[in-house]
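K.L.:
With the sequence up front, the predicted model follows.
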Amino acid sequence: MGHAILGYNKAGEVIANAHFSMGNYNAGILYSLLDSQKFNAGVSGSGDSSVFTIQQIEKALAAYKVFINNEEPLIEGDYLNPDQTQILKFIKNCLATAQKEGSVKVLFA
């Protein structure tokens, strides 16, 4: 068991992914940043998905910057632990897709 959180573009291609073991608290951080706790089934995601707007993903990125207490632009791997980097990459990839396509779909498995 574990959390697989996947971002999809409108063509149905995976553009972002984050994987956490069932006991990893960082999964909860990503659910929280996306304001998606309702999709957290404890040991894994609920299997449901949601569509996020550009503004929602921008809000998640801004909240993440506050969470890690960073005013500077974030660079993947820059003093972040592997899970922090994974979360940052996920949000940035989702944001790029949302900016290009108007929204991004996220599956919580």
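P.N.:
The structure has been received and is ready for your questions.
K.L.:
Centre of the chain to the least confident helix or strand in the chain by mean pLDDT, how far?
P.N.:
Counting by mean pLDDT, DSSP states H and E, the chain has its least confident helix or strand at helix 54-67, which shows a mean of 94. Centroid separation between helix 54-67 and its chain, computed with CA atoms, centre = their mean, to the nearest Å, is 10 Å.
K.L.:
Touching that helix from outside, list them.
P.N.:
Helix 54-67 is contacted by residues 29, 33-35, 71, 74, 87-88, 91-92, 94-95, 98-99, 102-104 when judged by CB atoms under 8 Å, 6 or more residues apart in numbering. (Each C-beta comes from the backbone N, C-alpha and C, glycine too.)
K.L.:
quick one: buried residues of the top helix by length along the chain?
P.N.:
What stands out as the longest helix in the chain, according to DSSP state H, is helix 82-101. Neighbour counts over helix 82-101 (16 or more other CB atoms under 10 Å) mark 83-98 as buried.
K.L.:
what residues are up against Ala109?
P.N.:
Taking CB under 8 Å, 6+ apart as the test, what Ala109 contacts is 3-6, 44-45, 47.
K.L.:
Return a ChimeraX selection command for the buried portion of the residues you listed.
P.N.:
Selection of the buried residues among the contacts of Ala109 in ChimeraX, burial being defined by 16+ other CB under 10 Å:
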select :3,5,6,44,45
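K.L.:
can the contacts of Ala109 go into CSV with extra columns for secondary structure, distance to Glu13 and pLDDT?
P.N.:
Output for the contacts of Ala109, formatted as CSV (DSSP: H, G, I helix; E, B strand; the rest coil; distance: CB to CB, whole Å; pLDDT from 0 to 100):
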residue, secondary structure, distance to Glu13, pLDDT
His3, strand, 21, 97
Ala4, strand, 16, 98
Ile5, strand, 16, 98
Leu6, strand, 10, 98
Ser44, coil, 23, 96
Gly45, strand, 19, 96
Gly47, coil, 20, 97
